[in-house]
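A.B. asks: Show me how the following folds:
(2 chains)
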Amino acid sequence: MSQPLSTQSGAIRGTSGGLNVQKLRIERVGPHGAHTIVSEISLKVEPGETVGIVGESGSGKSMTAKAITGLLPPAFVASGQAIYNGRDLLALREREWQSVRGREIGLVMQNPFTMLNPVVRCGKIIEQSLRRDVRKRMNRRERRSEAIRRLAEVGIDDESVVDRYPFQLSGGMRQRVGIAAALAREPQILIADEPSTALDVTTQREILALIKSLQVARGMGLILITHDLRIAFSMCDQVNVLYAGSLVEAGPAADLEAEPLHPYTHGLLLSEPPADRRVAELVAIPGSVPTPDSVAGSCTFAPRCGWVRPECTSGTPPLRIVGDGRMSGCVRIEEIRPELAAHRARAGGTAVPTGSPGRVNTLITVNDVRKIFQSGGRDVAALRSVSIHVGEGEGVGLVGESGSGKSTLGRIIAGLERLSSGSIEIAGIDASDRSKLSRKDQRSLRSSVQMIFQDPYSSLNPMRTIGSTLQETISAHDPSAKNVERLVAELLLSVGLDPEHAQRKPAALSGGQHQRVAIARALAVKPRVLICDEPVAALDVSVQAQILNLFSSLRDERGIGYLFITHDLSIVRQVVERAYVMCRGSIVESGPVDDVLGSPKDPYTVRLLESVPRSSDDWLNLGRS
Amino acid sequence: MTDLVATQGQARRRRLGSKLDFSRWLSWACFAFLGLVVVLALFGPLIAPRDPYAQDLALGLVKPSSEHWLGTDDLGRDVFSRVIAGTRTAVVGPVVIALGSMAIGNVLGVLAGYRGGRLDSTIMRWADLMFSLPSMLVIVVVAGTFGGGYWLSVGLLIALTAPFDARIIRGATIEQAPRPYVEAAKSVGLSDTRIMAMHVWPNVSPIAVANTCLVFASSLVSLAGLSFLGLGVSAGTPDWGLMVSEGRSLLFTNPVAVLAPATMIVLTATAMNLAGDWVYDRLSAQGAIR
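C.D. replies: Here you go, the predicted structure:
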């Protein structure tokens, strides 16, 4: 334990503008004692350096950022040290923080939709963020032109934005305003907490490129917090991997990408598939992220690790130096290093999608469907003449950004939305207007098509047990069903859950387990095709692959096809044979997935492909955007 | 330096801890008091040391003593026994009002919020109409016309409170109705009635229960007021509201005769409000509202 710390503190000496966090520990104090949020983190940022903190939800990465900026919520207590300019930030009082926040350390938050005050004009937001002495020196017109200048710095050339309210801007524009406000007091260090997660993929790339260019131009230190290793590799010099409240690996980004030296980082890299090819095996890390308290006193990753040995669970393994600038928390890393490399080589191989299109019987035919929403007295076309078809047991992808109409199309097929014109035929039944169909037809439509929703947490009734939700579905589908409890157990087993989960309520399950239950509920009516609307977008990266593999196995074993609606091209590449690309309510490209993503014809598809995070330098080089 | 931070952390932890201890103590106190009230309402006449109706004109009005703990009123009746015996009328009416208006209000509210459209506007316009009536005035006029009476007042209060419940539950339902779990229930083919009863209502129930506690507290006060005006229980019955009314002329001779029932009204209403908060927190912690 003492060895890595002494080397780290040895490097402090030169830090004048840098931030040095030592042994940061964060706890939440509740009625039942203290819970650990972050067990121990040490990291440092030099001016001009980018340090990434990568972790899944619950790893404590956002709380670390909040502790460093003194914004911890009331019940949270931080201990340890965060030295900046010779001062320990954690010991500051609220009044003292005011001269540090913004001025020394700027913060860009995750959700651009809620971080700007909706009743204040954008120009005013920037003005208010300026340093008081600067602001006081200027008159009204100067302040306005300063705000315009600041907005131009973050790539907003349209002067009228200063007079607009945040809700009149797109998500990307709002994030730019947020960045301009964070930079208004010329901080030396910028902390960006998932700055692009809430944005569309193409906007994400622009925002990240902007942050990177501003950092280089101003020579700031940047702490980038993200769950996406690919983004961390493309943006950062140093990457720290956080898992269940403690650091498991740290090192230079390029080295970490070439060879991760911890089984967790290794698994995380493999569960984020590339967009340029289909990998031989989508590796899933079993289980889900534990709470720091439940893995205290052992390696935090031990319960999910395939290389676990008794020595892993006897005492918390310290982060130790394992190579040039590399640190790892794995006690067995020297031993298993060749094994990890071999595993990567095997799983990373290229595979060819199975099942050639056209051979299968068509199950769903969507013909010239249009959908118009009335919004504020205006007609908004969500779908303009869309035609697609899905075959029996086929995996079909529907790709597009938010607002492309892909979810609307899925909901129309699932019968949750009515179409404005056009026709849909499902399993030989005309499903264009479900309310006109007989009960028998409605039932057979339901048992043909089932929907899996994006948010696994709200798609289950929080007040009912898993078992009662499934029983109810079984009885609704087949009132004469016997042995319902046995059927529930079978359903749970078929989605990889222990039948004893039937007793629990959704709050006792993790996100991945929620989504499994939602799939079990859909399977209860024995569907032939599943409409999956971003089924893994809300899940942790290490869990995503589990669910994707579940879809594949359901198809292989039961012949259940799926229409996979997503914005994520790398996921679509791994799980479907045929893909449609949607843009502004129309299909712009379609065909076998290898053709569509391998040699895209439509400029929109090209743009989508380019926005998938890559670590190479040119990814963030947009020229002037 | 580190030590300093650690001690600050510990101090903060202690402060938070004592805050939590107090709120837990408070909710225990509320439930203990409400439990006492329930026991008094059920077995009041058995517990009371003296007959609450027994007059002792020869004794007349006396101050609190070891004989009569809270003194007597002008007819020589034991105030302590009357407070205990009065619990039943004080509690039964508000319970009936709270449950009655919860039943009516929840059914209408969930229907309006889930179905929407014309049914929604019909129910809500009716609720608006009821809001626009000055409720106390209506009760005084109607109860006065029909000669008053406890159960008439209870019925009128149910009719006037239900629209409030309906409006609150409708709001909560509108929030739940578009959630994916409701859509999922629809897409597996459950009936609307079943979805409303088994899926939507359990998720608005924390609000319904908390609101019912508030209705209980407010109708306890309203009923006491009506008794005070002579529109509730008949004269002579031991009832907290009526005791305040009858005892007001004795305020300067035996103030306890007024203060004791008044204190019981305030404490019961407060305890019920706090208990409602507690129940709401507990139920919503299960993930119902979020």
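A.B. asks: buried residues in the helix or strand hosting residue B:266?
C.D. replies: Residue B:266 belongs to helix B:256-285 when assigned by DSSP states H and E. Residues B:256-258, B:260-262, B:264-265, B:268-269, B:271-280, B:283-284 are the ones in helix B:256-285 that count as buried (16 or more other CB atoms under 10 Å in any protein chain shown). The C-beta positions use only the backbone N, C-alpha and C, and glycine is treated the same way.
A.B. asks: Same question for stretch B:142-149.
C.D. replies: B:142, B:143, B:148.
A.B. asks: How about stretch A:531-540?
C.D. replies: Buried residues in stretch A:531-540 (16+ other CB under 10 Å): A:531, A:532, A:533, A:534, A:535, A:536, A:538, A:539, A:540.
A.B. asks: these two touch, right, residue A:274 and residue A:570?
C.D. replies: Yes - assessed by CB atoms under 8 Å, residue A:274 is found in contact with residue A:570 at 6.0 Å.
A.B. asks: Near chain B, which residues of the stretch 351-500 of chain A are found?
C.D. replies: By CB under 8 Å from any CB of the partner chain, the residues of the stretch 351-500 of chain A that approach chain B are A:414-416, A:442-443, A:446, A:450-451, A:453-455, A:458-464, A:472-473, A:476-477.
A.B. asks: at 10 Å instead, please
C.D. replies: A:411, A:414-417, A:439, A:442-443, A:445-447, A:449-464, A:468-470, A:472-477 (CB under 10 Å from any CB of the partner chain).
A.B. asks: tell me the SS of residue B:104?
C.D. replies: Of the three states, residue B:104 takes helix under DSSP: H, G, I helix; E, B strand; the rest coil.
A.B. asks: which residue packs closest to it, ignoring adjacent ones?
C.D. replies: Leaving aside its sequence neighbours, residue B:104 sits nearest to residue B:162 (CB to CB, 6 or more residues apart in numbering or on different chains; 4.1 Å).
A.B. asks: give the contact list for the spatially most central residue of chain B.
C.D. replies: Chain B has residue B:216 as the residue nearest its centroid, 1.7 Å off, counting by CA atoms, centre = their mean. Taking CB atoms under 10 Å, 6 or more residues apart in numbering or on different chains, we find residue B:216 in contact with B:91, B:93-99, B:101-102, B:268-269, B:272-273, B:275-276.
A.B. asks: Okay, now the unreliable bits of chain A?
C.D. replies: Applying pLDDT under 70 to chain A flags residues A:1-17, A:353-359, A:616-617, A:622-625.
A.B. asks: Next, count neighbours for the residue nearest to residue B:104.
C.D. replies: Neighbouring residues of residue B:162 were enumerated by other CB atoms under 10 Å in any protein chain shown; the total is 24.
A.B. asks: give me the element it is part of.
C.D. replies: Here residue B:162 is covered by helix B:150-176, with elements defined by DSSP H and E.
A.B. asks: circling back: among the buried residues of stretch A:531-540, which are located in helices?
C.D. replies: Of the buried residues of stretch A:531-540, none are assigned to helices by DSSP state H.
A.B. asks: filter the residues you listed down to the ones close to chain B.
C.D. replies: Near chain B, by the rule CB under 10 Å from any CB, you find A:531, A:533 out of these.
A.B. asks: from the buried residues of stretch A:531-540, which is closest to residue B:212?
C.D. replies: Using CB to CB, residue A:538 is the member of the buried residues of stretch A:531-540 that lies nearest residue B:212, at 34.7 Å.
A.B. asks: coming back round to it: ok, the residue nearest to residue B:104 touching residue B:135?
C.D. replies: No - with contacts counted by CB atoms under 10 Å, residue B:162 stays clear of residue B:135, the gap being 11.6 Å.
A.B. asks: What's the local residue count around residue A:129?
C.D. replies: Around residue A:129 there are 19 other residues, counting by other CB under 10 Å.
A.B. asks: For residue A:321, name its beta-bridge partners.
C.D. replies: Per DSSP bridges, the residues bridged to residue A:321 are residue A:327.
A.B. asks: possible to save the buried residues of stretch A:531-540 as CSV with distance to residue A:314?
C.D. replies: CSV is the format used below for those (distance: CB to CB, whole Å):
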residue, distance to residue A:314
A:531, 48
A:532, 43
A:533, 45
A:534, 42
A:535, 39
A:536, 35
A:538, 36
A:539, 32
A:540, 27
